[in-house]
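A.B. asks: When you get a sec, could you give me coordinates for this:
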Amino acid sequence: MLTKLQKKFALSRQGAKDLIKGCLACVLQNLALMFPVGLLYLLVSDLMAGGVPSGKIPFYIAGCILCLALIFLTTWFQYNATYFATYVESGVRRISLAEKLRKLPLSFFGKKDLADLTSTIMADCTFLEQSFSHFIPELFGAILSTTLVAISLFFFDWRMALAALWVIPVSFAIVALSIKVQDRLGQKQMDAKIACADGIQECLETVRDLKSNNAEENYLKGLDKKIKAVEKRAIISEFGTAAFVVSAQLILKLGIATVALVGSLLLMDGSLNVLSFFLFLLVASRLYDPMQAALQNLAAVISTRTHVARMNEILDHPVQEGDSSLRNKGCDMVFTHVGFSYNDGETVLQDVSFTAKQGEVTALVGPSGGGKTTVSRLASRFWDADKGTITVGGMDISKIDPEALLSLYSIVFQDVTLFNNTILENIRIGRKDASDAEVLQAAELANCNEFAEKLPKGFDTLIGENGCELSGGERQRISIARAFLKNAPIILLDEATASLDVENETLIQSALSRLIANKTVLVIAHRMRTVAGADQIVVLADGKVAEQGRPETLLEQNGVYRHMVEVQARSATWTI
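C.D. replies: Numbering: from 1, shown residues only. Now for the predicted structure:
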């Protein structure tokens with residue numbers, strides 16, 4: 001049962017247990033609210049018998065106090081079992097989603113955008129929180145308590161019980177028929193929300209480019225359409241749900257009419273006394289109130305299916321697993337007949353084979369789209385190869401836990417990601433336990449002093465979201481400083497000096513030469529002079545190894561590498 005609840009509502013095991021407690025708490029609360037009805041029935045019975053005996057007055061006073069105490073205690077228990085447990089489960093679910101995302105391969109993120117994932121962690125979890133605290137416990141609490149009351153009514157008079165209860169299954173059936181409609185409307189509403197969130201995020205990220213190209217007005221018109229689409233889908237979804245719920249509630253109201261009609265006929269026939277008739281009218285009026293809320297809760301629970309499915313998509317996605325112990329002997333990296341595609345039928349790499357030896361610099365060059373960056377991603381197991389093997393020191397990386405494997409790598413990406421923190425802490429990402437002295441030493445090696453010392457607070461200066469206060473070259477140097485600080489035996493450089501001017505590039509190249517001693521270095525570069533001193537050049541074109549060898553050897557051949565060197569040499573003489 002717990003497993004089914006976990007799957008159906010995307011809960012943790014403790015969350016499923018708390019949900020059962022919440023349902024039981026709601027049952028007890030609803031039953032406690034029926035006690036005053038029973039007490040009122042006894043009071044009316046005494047009044048109709050000639051008055052309340054003086055000896056029974058203390059009984060009714062004690063009964064009122066007991067009812068109040070029961071209602072208070074069950075409400076307190078229900079509040080703790082639903083709301084407090086919900087807040088805990090909401091936090092657990094967000095953390096578990098974030099933890100799962102941390103373990104997922106990058107191929108998953110290639111099919112998702114940031115707004116979609118953010119919406120799942122924040123909005124979907126918030127909806128789960130509301131369902132856990134309001135909809136689900138109250139729905140099942142109302143159903144179970146009503147079932148118990150319904151059974152007791154049959155002991156009084158089965159005819160009146162049928163007159164009072166026939167509307168309940170009919171009403172629930174009407175709402176249950178809305179499942180497919182709500183699923184379809186909910187998905188369309190979610191798609192509209194994600195499209196709107198994407199548009200807003202894109203607008204904020206590209207506002208500089210929009211302004212510089214006088215494209216703000218046209219872009220905002222499109223964004224306005226997306227915002228109105230969210231409003232339209234919300235109204236349609238609300239109307240689609242309301243059509244079923246309101247119809248079901250109208251049917252439910254007929255129950256009072258049938259109780260009054262059947263009761264009147266039985267009363268006239270003499271087969272029902274006035275007191276029993278009064279009891280059924282009283283119970284029916286009390287019974288339908290939680291049922292009306294239950295119908296709304298049922299519709300709300302149905303609408304959670306879309307949100308739960310989105311969370312389960314993350315929770316059920318297979319993770320990259322492997323041995324956490326490293327068994328490599330040395331750090332030679334070997335690609336053997338590697339093939340890969342991001343999407344079915346779209347080949348990116350085909351039969352790629354080369355060896356990047358420890359203590360040497362291996363440069364990956366070639367035309368854009370040739371597969372250079374893909375090779376570096378496969379080398380660090382951001383993706384898994386479709387064919388062939390990749391080994392590090394004889395160790396098949398596909399069988400190694402990604403986090404354990406990445407302890408061997410220092411990576412400098414072409415697109416630098418920085419945090420809204422100080423320069424010092426951004427560099428410390430490379431090794432969290434590093435001392436300030438070690439961080440500053442890495443910063444000096446990456447030539448960060450040149451710009452950091454000019455800032456108001458030096459290395460303690462906040463650099464804004466993704467380093468927006470810094471230039472591209474300054475951001476790149478912080479990324480390189482991280483690699484210096486981590487000091488791993490394998491270094492992957494993806495256009496590491498692309499954003500640097502000639503002077504800083506020369507300084508960084510000099511620093512890199514000290515860093516790479518006795519290490520396996522894989523460099524991706526477009527500027528041929530950057531890799532002129534490499535020990536080995538691997539030329540990738542159309543996803544294949546077109547050439548490989550030492551730079552001077554490849555220059556003697558009339559191949560891709562020589563052509564690229566000559567073209568860049570000619571471009572250096574261009575003038576405006």
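A.B. asks: wait, what's in contact with Asn426?
C.D. replies: Each residue near Asn426 by CB atoms under 8 Å, 6 or more residues apart in numbering is listed here: Leu418, Phe419, Ile463, Gly467, Ile478, Arg482. Using the backbone N, CA and C atoms, a C-beta is placed for each residue, glycine as well.
A.B. asks: just the buried members of these?
C.D. replies: Those of these that meet the buried threshold are Leu418, Ile463, Gly467, Ile478, Arg482, by 16 or more other CB atoms under 10 Å.
A.B. asks: Thought Val245 was touching Gln296, still the case?
C.D. replies: Yes - at 5.8 Å, Gln296 counts as touching Val245 under the criterion of CB atoms under 8 Å.
A.B. asks: returning to that earlier point: among the buried ones among the contacts of Asn426, which two are most distant?
C.D. replies: Ile463 and Arg482 (13.7 Å; CB to CB).
A.B. asks: hmm, back to that, now the two most distant members of the contacts of Asn426.
C.D. replies: Top of the distance list for the contacts of Asn426 (CB to CB): Ile463 and Arg482, 13.7 Å.
A.B. asks: Which residue ranges of the stretch 251-400 of the chain form helices?
C.D. replies: 274-315, 372-379 (DSSP state H, counting those that start in this stretch).
A.B. asks: quick one on the thing from earlier: got the contacts of Asn426 as a markdown table, with pLDDT and secondary structure columns?
C.D. replies: Shown next, in a markdown table, are the contacts of Asn426 (pLDDT from 0 to 100; DSSP: H, G, I helix; E, B strand; the rest coil):
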| residue | pLDDT | secondary structure |
| --- | --- | --- |
| Leu418 | 88 | coil |
| Phe419 | 88 | coil |
| Ile463 | 87 | coil |
| Gly467 | 77 | helix |
| Ile478 | 89 | helix |
| Arg482 | 90 | helix |
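A.B. asks: which among the residues you listed gets closest to Glu444?
C.D. replies: Ile478 (12.6 Å).
A.B. asks: any idea which element the closest residue to the closest one other than its chain neighbours lies in?
C.D. replies: Nearest residue to Ile478 in three dimensions, chain neighbours excluded: Asn426, at 5.4 Å (CB to CB, 6 or more residues apart in numbering). Taking DSSP states H and E as the criterion, Asn426 maps to helix 423-428.
A.B. asks: Can you list the low-confidence ranges for the stretch 451-576 of the chain?
C.D. replies: Applying pLDDT under 70 to the stretch 451-576 of the chain picks out residues 496-501, 504, 507-508, 511, 571-576.
A.B. asks: Would you mind giving the buried ones among the contacts of Asn426 as JSON lines with distance to Pro58 added?
C.D. replies: Formatted as JSON lines, the buried ones among the contacts of Asn426 follow (distance: CB to CB, whole Å):
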{"residue": "Leu418", "distance to Pro58": "75"}
{"residue": "Ile463", "distance to Pro58": "76"}
{"residue": "Gly467", "distance to Pro58": "77"}
{"residue": "Ile478", "distance to Pro58": "80"}
{"residue": "Arg482", "distance to Pro58": "79"}
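A.B. asks: of those residues, closest to Gly533?
C.D. replies: Proximity of the buried ones among the contacts of Asn426 to Gly533, judged by CB to CB, is greatest for Arg482, which lies at 23.4 Å.
A.B. asks: pretty sure that closest one contacts Gly430?
C.D. replies: Yes - judged on CB under 8 Å, Arg482 makes contact with Gly430 at a distance of 3.5 Å.
A.B. asks: Need the residues touching each of those two.
C.D. replies: Common neighbours of Arg482 and Gly430 (criterion: CB under 8 Å, 6+ apart): Ser410, Ala442.
A.B. asks: Okay, strands next: where are they in this protein?
C.D. replies: Here the chain has its strands, by DSSP state E, at 333-340, 349-356, 361-365, 387-392, 395-396, 409-412, 490-494, 520-524, 536-541, 544-549.
A.B. asks: How about the contacts made by the residue nearest to Tyr561 when sequence neighbours are not counted?
C.D. replies: Excluding the flanking residues, the one nearest Tyr561 by CB to CB, 6+ apart is Leu554, at 4.1 Å. Counting by CB under 8 Å, 6+ apart, Leu554 touches Ile537, Val539, Glu547, Tyr561, Arg562.
A.B. asks: Swap in 7 Å and give it another go.
C.D. replies: Contact analysis of Leu554 by CB atoms under 7 Å, 6 or more residues apart in numbering lists Ile537, Glu547, Tyr561, Arg562.
A.B. asks: How many residues are close by Ile71?
C.D. replies: 15 (other CB atoms under 10 Å).
A.B. asks: From what I see, it and Ala32 are in contact.
C.D. replies: Yes - Ile71 lies in contact with Ala32 (CB atoms under 7 Å); the separation is 5.0 Å.
A.B. asks: hmm, who's touching stretch 310-326?
C.D. replies: Counting by CB under 7 Å, 6+ apart, 10, 97, 100-101, 103-105, 108, 120, 124, 381, 384, 395, 399-402, 404 sit against stretch 310-326.
A.B. asks: what does stretch 233-252 give?
C.D. replies: In contact with stretch 233-252 (CB under 7 Å, 6+ apart) are residues 167, 170-171, 174-175, 177-178, 181-182, 185-186, 188-189, 192, 288, 291-292, 295-296, 299, 303.
A.B. asks: 6 Å - rerun?
C.D. replies: Around stretch 233-252, the neighbours that count as contacts under CB atoms under 6 Å, 6 or more residues apart in numbering are 167, 170-171, 174-175, 178, 181, 185, 188-189, 192, 288, 291-292, 295-296, 299.
A.B. asks: ok, now stretch 217-230?
C.D. replies: By CB under 6 Å, 6+ apart, the list of residues contacting stretch 217-230 reads Ala192, Lys193, Ala195, Cys196, Gly199, Cys203, Leu210.
A.B. asks: rerun at 10 Å
C.D. replies: With contact meaning CB atoms under 10 Å, 6 or more residues apart in numbering, stretch 217-230 is reached by 188-189, 191-200, 202-203, 206-207, 209-210, 213.
A.B. asks: From these, list just the buried residues.
C.D. replies: Judged by 16+ other CB under 10 Å, buried ones among these: Lys188, Gln189, Ala192, Lys193, Ile194, Ala195, Cys196, Ala197, Asp198, Gly199, Glu202, Leu210.
A.B. asks: which one among those residues gets closest to Lys372?
C.D. replies: Out of the buried ones among the contacts of stretch 217-230, the member with the shortest distance to Lys372 (by CB to CB) is Glu202, at 27.3 Å.
A.B. asks: which residues does that closest one contact?
C.D. replies: Contacts for Glu202 (CB under 10 Å, 6+ apart) come out as Asp113, Leu114, Ala115, Leu210, Tyr219, Leu223.
A.B. asks: gap between the nearest residue to Thr362 once chain neighbours are set aside and Leu515?
C.D. replies: With CB to CB, 6+ apart as the criterion, Thr362 has its nearest non-adjacent residue at 3.8 Å, and that residue is Ala356. To Leu515, Ala356 is 16 Å away according to CB to CB, to the nearest Å.
A.B. asks: Same drill for those two, tell me which one is more crowded.
C.D. replies: When Ala356 and Leu515 are compared for neighbours, Ala356 comes out ahead with 26 against 19, by other CB under 10 Å.
A.B. asks: show me where the stretch 401-550 of the chain has helices.
C.D. replies: 402-406, 423-428, 436-445, 449-452, 472-486, 502-515.
A.B. asks: Distance to Ser376 added to those, as a markdown table?
C.D. replies: Output for the helices of the stretch 401-550 of the chain, formatted as a markdown table (distance: least, CB to CB, whole Å):
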| stretch | distance to Ser376 |
| --- | --- |
| helix 402-406 | 13 |
| helix 423-428 | 22 |
| helix 436-445 | 22 |
| helix 449-452 | 27 |
| helix 472-486 | 13 |
| helix 502-515 | 16 |
